[in-house]
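# A predicted structure for the sequence below; I have some questions about it.
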Amino acid sequence: MDNTSRICVFNNRLVSHDTIMGFRSNALFIGAVWGGTSVDNNRLSLRECGLSLNVAQQDIKTRESPEPPESEKVDKERTTNRASGDRAVVTRQRRHIARSHVRARDDATSSPSTYEVDVPVIESLLAERTKQWLLREYDIATEIRDQLKTLGVTVYDKERIWTTNPHRRNGWMESVPSVNNCNSVLQVLELHGRERGSMSPTDISFCWNQIAQIVMKDERERILYRGKEKHVLFQPLLDDTTKRMEKLGPKNIVAICHKLAKLVSFCGLDIDDQLWVGLEDQIMKLSPKFHTKEISSTVWALATAKRYTPCVWIRMEELASQSVHHFNPQGIANTVWAYAEVGHKSPELFNAFADEACNQLHHFSAQGIYNIAWSYAKANQPAPKLFTELAKVALPQVQKFSHQGLTKTLWSYATLGHAAPALFQRIAEISLPRISEFSNSGLVTMLGAYPRANHTLSTEFYDTIAQVIISRIAQLSSLQISNALWSFATVGHFAPDLFRVARNETRNRINEFNSHDVANTLWSYARAGHHCPELLNDMAKAIPSQLDKFNTQDITNTVWAYAALDHSSPQLFSKIAEVALPRIAEFNPRGLANTLWAYVVTDDESTREFTRHPLVINAVVSLIDRFDYKDLCQLHQWDLWCMEYGNGESLLPPLFSQKCLQSFVHEDCASSNLQRNIAAVLSHMNITMQEDVRVNSGYSIDILLTLNDTTRVAIEVDGPNNYLPGTAIPTGATRLKNRQITALDGLSVVSIPFWEWHELPTKDQVDYLKGRLKI
């Protein structure tokens, strides 16, 4: 090759061979450029271009670099790979490509009629490509390589040779376009059908690459090939891929996996399991040659295609663990996403990536930030330091997040229970003006993240979302409806219009609700105190057919909802008792306490045997040390109920029974303004009374009256919390209290509703009380 096409580096600048020769007679060049410590470095730069320097004679001349032994090259390459990973790849490629490419010996001596090419033109293009590589203009260098391909020339940078391909001389023959020129999937498939006999394994990879690019860019192509009837068109190319698989190198194998996964994702392409098994076998075989890019691309492709073969994932995990520090941000995000997506547990790898991600966070894209957060949450892999740093980096970038990115971020932090109040508040501010742009799934996910993270938002935020959900209620799935109701009920924002519209929609589509949706919906209505007897009746009819699918939490939520809303359904409770009794030991402490409390509230004779069954007693006793304050209060009410219908004795161990009572009486008895006002009127009536009195059962009486020196009457001043919102219906807890005080303490109970008292003129208050007390 002519030396005029060669270039080298002097003092960080590119200098051509002609320039070097021009400096030969210039004494200043020797003093300024070659003096001092620069001599050795610049001598090496000359050697890269096949030149040598004789400083004493001030002469530069060309020379041929001796070819190192093949074994030395292989050993050196392996050492470099292990030491530097992907960061060494570009450096090694630039070093190889900077040297002259020569025509392969067997290619140059072949028949001219078969391999006839314009050598000067090719060498000129090779020289220009070398120059662009050294200028770091990699895109231009790639274009030149593609141009050489159209001339039937294949360049091998590692070996520093070029050769011709008889099947691709002058392109794909005169009448056939190259793969890159195909503008539709059908053109690529037809091209393969005509030329597959002359295609190399690399060409097969190019075909899949072009198909994937077309499908991703052209929505019409995506829609066209989503139909399974079109998938048969891919079969010849799929078969050819299977046959040539063993001849593919690491990059081509990974590239094919990657493109096939995209086609599975975009078009639902049905790929035979045999092909995937073959690809996975090749991945295992070629894995020692994988760099970080191949590792991340491989696991991403397999996860996208829903392929999980443990040995492959374990092997990729081993390779990734050895080169964690060489992954770039996208590689980190893609790898942890893949492992989270397939559910492969790898805490050590996730911890290592978390540390490395912290070092590179400022280089993560907006998509990379929320994807890595989602991956750790999906894998249930806490990473406190990473999530703290992610929140800081995400805050100034959150405006760039897509709608999906916003909801993914919220869900991730809420799932792992990692507080990020500033980030959550900023996302709410950004989302509110464009809340109608969110998908149904995104809207419900966002709605549920805030209560799970214990983050309070404004009434305006919830009112706005409620209106959007109402307008889309018919489009929401049963799961989305139940989750939306759960979110509103949990934060205590009871949107009456939403609950009313959802109630009607649920009744119309009740058969679509699975066991969890049913229990979640019932709990939400009870938590909101929304009176819905028609819905409860419909649910009572639908639930028995699904009871075998209810888990213990579903059972608890269901019976608690009916009890809290004070809605009687004896047949349903009886059937639930039959299902619950054999599984009573599976209930957690809160679930067991809530379930027993619900049966006490409903007080149905057909289920009394269930609540006093030995299995139930044993289950309670086995959890003695795990019940919290609220649980103990409910168990005390259950214990009172057992004594009411038994022989007056507790079924619990004495010490535990006493513990339940102490928790129950520990509750504060704060007097309301309404109670004090009624007490003042009673005092003017000269009636003996006491306020906030604890009776034997443990209940606190608002006002205890003694009439005619013998008759004792308990007055319960019932405020808004004692009734279902917007109704005159007492809650289940209110009815239970009044019933047990009457049965166990022998007191007559008189309830004074808040709205009746507020409507009374002052002059009528005494007469009202006399009428209620019948004196």
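Nice, I can see it.

# how many neighbours does the residue lying closest to Ser515 once chain neighbours are set aside have?
For Ser515, ignoring the flanking residues on the chain, the nearest one in space by C-beta to C-beta, 6 or more residues apart in numbering is Lys549 at 4.3 Å. C-beta: built from backbone N, CA, C; applies to glycine. When neighbours are counted by other C-beta atoms under 10 Å, Lys549 registers 11.

# surely Lys549 meets Phe513?
No: the criterion here is C-beta atoms under 8 Å, and Lys549 misses it with Phe513 at 11.5 Å.

# Need the three-state assignment for the spatially closest residue to Leu682 that is not a sequence neighbour.
Residue nearest to Leu682 in three dimensions, not counting chain neighbours: Met689, with 5.5 Å by C-beta to C-beta, 6+ apart. The three-state label given to Met689 by DSSP: H, G, I helix; E, B strand; the rest coil is strand.

# hang on, isn't Met689 packed against Val681?
No: in this structure Met689 lies outside contact range of Val681 using C-beta under 8 Å: 10.7 Å.

# quick one on the thing from earlier: tell me which residues form a beta bridge with the residue nearest to Leu682?
Met689 has these beta-bridge partners by DSSP bridges: Leu705.

# Report the contact partners of it.
The contact partners of Met689, by C-beta atoms under 8 Å, 6 or more residues apart in numbering, come to Ala679, Leu682, Ser683, Ile703, Leu704, Leu705, Thr706.

# before we move on, the earlier item: quick one, grab the pLDDT at the residue nearest to Ser515.
Lys549 carries a pLDDT value of 94.

# Quick check: the gap between it and His516.
For Lys549, the distance to His516 equals 9 Å [C-beta to C-beta, to the nearest Å].

# re the thing from before, pLDDT added to the contacts of Met689, as CSV?
Converted to CSV, the contacts of Met689 look like this (pLDDT from 0 to 100):
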residue, pLDDT
Ala679, 92
Leu682, 91
Ser683, 89
Ile703, 93
Leu704, 93
Leu705, 92
Thr706, 88
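
# For ChimeraX, write a command that selects the buried ones of those residues.
Remark: buried members of these, expressed as a ChimeraX selection using 16 or more other C-beta atoms under 10 Å:
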select :679,682,703,704,705
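
# Quick one: neighbours of Pro120, just the number.
10.

# Could I get the full set of strands for the stretch 101-250 of the chain?
For the stretch 101-250 of the chain, strands defined by DSSP state E, counting those that start in this stretch occupy the ranges 102-103, 153-156, 161-164.

# cool, the chain as well?
7-10, 13-16, 51-54, 59-62, 102-103, 153-156, 161-164, 688-694, 700-707, 711-718, 748-753 (DSSP state E).

# Lowest mean pLDDT across these, which one is that?
Among those, strand 59-62 carries the lowest mean pLDDT (a mean of 39).

# tell me the pLDDT at the spatially most central residue of the chain?
Nearest to the mean C-alpha position of the chain, by C-alpha atoms, centre = their mean, lies Trp374 at 3.8 Å. The score at Trp374 is 97. That number is its pLDDT.

# can you pull the contacts of it?
Residues near Trp374 by C-beta under 8 Å, 6+ apart: Trp337, Ala340, Lys408, Thr409, Trp411, Ser412.

# Of those - the most surrounded one?
Thr409 (28 neighbours).

# Not including adjacent chain positions, what is the nearest residue to Phe627?
Pro589 (4.9 Å).

# Equivalent analysis for Lys575, please.
Spatial nearest neighbour of Lys575, chain neighbours left out: Pro544 (5.2 Å); criterion: C-beta to C-beta, 6+ apart.

# could you pull out the helices for the stretch 551-700 of the chain?
Using DSSP state H, counting those that start in this stretch, the helices of the stretch 551-700 of the chain run over residues 552-564, 570-580, 589-602, 608-611, 614-622, 629-645, 654-665, 673-684.

# what about the ones you listed, which gets the closest to Cys532?
helix 552-564 (10.0 Å; C-beta to C-beta).

# How far does the closest one sit from its chain's centre?
Computed by C-alpha atoms, centre = their mean, to the nearest Å, the chain-centroid distance of helix 552-564 equals 29 Å.
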